[in-house]
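Undergrad: Take a look and give me a structure for this.
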Amino acid sequence: MNGFSPDEAEACRRLVDLALAEDLGAVGDRTSRALIPADQPGRAAFVARSEGIIAGLPAAAVVCSAVSPDLEFTPAIEDGTAVEKGTTLATVSGPLHSILAAERTALNFLQRLSGIASLTRKYAEAVAGFPAQILDTRKTTPGWRLLEKYAVRTGGGANHRLGLYDGILIKDNHLAGLGGDVQLAVDTARSAPGNDWLPVEVEVDTPDQLEAALAAKADIVLLDNMTPEQMRQAVEWRDAVSPDTRLEASGGVNLATVRAVAATGVDRISVGALTHSAPALDIGLDYLPAGPTA
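TA: All right, here's what the predicted structure looks like:
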């Protein structure tokens, strides 16, 4: 099973604690407690109901162990695997009432993260043959950012900055605060204490801003809501003026348009929809009857 980084594992544990608290409350699963003897064993399988890319098996394992140390979670595949409908992703065995208590929370993590990975894979496949890299954004579910960005990588995309703390992206409102002076913004960002190791990215939406950003030798220029023709012109201009500057397309990109964007020659394409609009992948938990005894 692909594993989380230490930071992702810690984020997952926090989310699992919150999720179980809101689902089980102070008394636990009333239905299972009323119907299922505490010592009744059980076994169930997480099964894909549709095709897609799986992400979140480590999170499902955390859920099961948090519900009960007596639950044994066994993955059948690794995160990042492309599956067909009917594929078994993992099994869980142990006290049946604990399996039932963990079911919905584990599925929520698996379905959400697999949905992001599946959508990301579609974007990555749509730009195959071009050098453009598919990136996520900060348009993530509050609290879920590290896990959602993990799912993007699992699906074949790459992560943009994690937050405001680990990247410099000079946007329109930053420029407005400096009177629109791109050169001043780039120079000031680079000279600020602690920023010497970070690339400086500038968002532009006009030819004049693009000219200024290239003249300032910005490391990355984000082309905001430009047409494919404008992007092609930007690539030609970049190649002539500042070939080391990378160009990133953003704004209004979808599966129907992303290949045309990649064909313009941009280096990066950031897509907020990867995390804010990915539909959950359909996954279920199927009870497995006990096999015959010898």
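
Undergrad: can you list the domains in the chain?
TA: Domain assignment of the chain by automatic domain parsing yields the ranges 6-124+279-287, 167-271.

Undergrad: State the mean pLDDT of the first one.
TA: For domain 6-124+279-287, mean pLDDT rounds to 97.

Undergrad: Same check on stretch 178-186?
TA: 94.

Undergrad: Now do that stretch: distance to the chain's middle.
TA: Here the centre of stretch 178-186 is set off from its chain's centre by 32 Å, with C-alpha atoms, centre = their mean, to the nearest Å.

Undergrad: quick thing: my sequence starts at 21, can you match it?
TA: Will do, 21 is the new start, and the previous item becomes stretch 198-206.

Undergrad: what's that stretch in contact with?
TA: 190, 194-195, 208, 220, 222, 224, 229, 232-233, 235-238 (C-beta atoms under 8 Å, 6 or more residues apart in numbering). For glycine as for every other residue, the C-beta is placed from the backbone atoms N, C-alpha and C.

Undergrad: switch the cut-off to 10 Å
TA: Outside of stretch 198-206, the residues within contact range by C-beta atoms under 10 Å, 6 or more residues apart in numbering are 188, 190-192, 194-195, 197, 207-208, 220-222, 224, 228-239, 241.

Undergrad: can you tell which of the domains of the chain is closest to residue 168?
TA: domain 26-144+299-307 (5.7 Å; C-beta to C-beta).

Undergrad: Just the terminal-to-terminal distance for that closest one.
TA: Taking C-alpha to C-alpha, to the nearest Å as the measure, domain 26-144+299-307 stretches 32 Å from start to finish.

Undergrad: among the domains of the chain, which is the most enclosed?
TA: Compared across the domains of the chain, domain 26-144+299-307 shows the largest average neighbour count, a mean of 19 (mean count of other C-beta atoms under 10 Å).

Undergrad: Now do it: distance to the chain's middle.
TA: That offset, for domain 26-144+299-307, works out to 18 Å (C-alpha atoms, centre = their mean).

Undergrad: any idea whether residue 140 is helix, strand or coil?
TA: Following DSSP: H, G, I helix; E, B strand; the rest coil, we place residue 140 in the helix state.

Undergrad: Could you verify my assumption that it touches residue 173?
TA: Yes: counting by C-beta atoms under 10 Å, residue 140 touches residue 173, with 8.3 Å between them.

Undergrad: got any residues that touch both of the two?
TA: 75, 156.

Undergrad: Strands - which of the contacts of stretch 198-206 land there?
TA: Taking DSSP state E, the ones among the contacts of stretch 198-206 that sit in strands are 188, 190, 220-222, 224, 241.

Undergrad: Columns pLDDT and distance to residue 72 on top of these, output as TSV?
TA: Formatted as TSV, those follow (pLDDT from 0 to 100; distance: C-beta to C-beta, whole Å):
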residue	pLDDT	distance to residue 72
188	97	35
190	97	37
220	97	37
221	98	32
222	98	36
224	97	36
241	98	34
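
Undergrad: Of all pairs in the residues you listed, which one is the farthest apart?
TA: Between any two of those (C-beta to C-beta), the greatest distance is 14.8 Å, for 188 and 224.

Undergrad: per-residue confidence for residue 310?
TA: Confidence at residue 310, expressed as pLDDT, is 75.

Undergrad: Residue 216 too?
TA: pLDDT, residue 216: 85.
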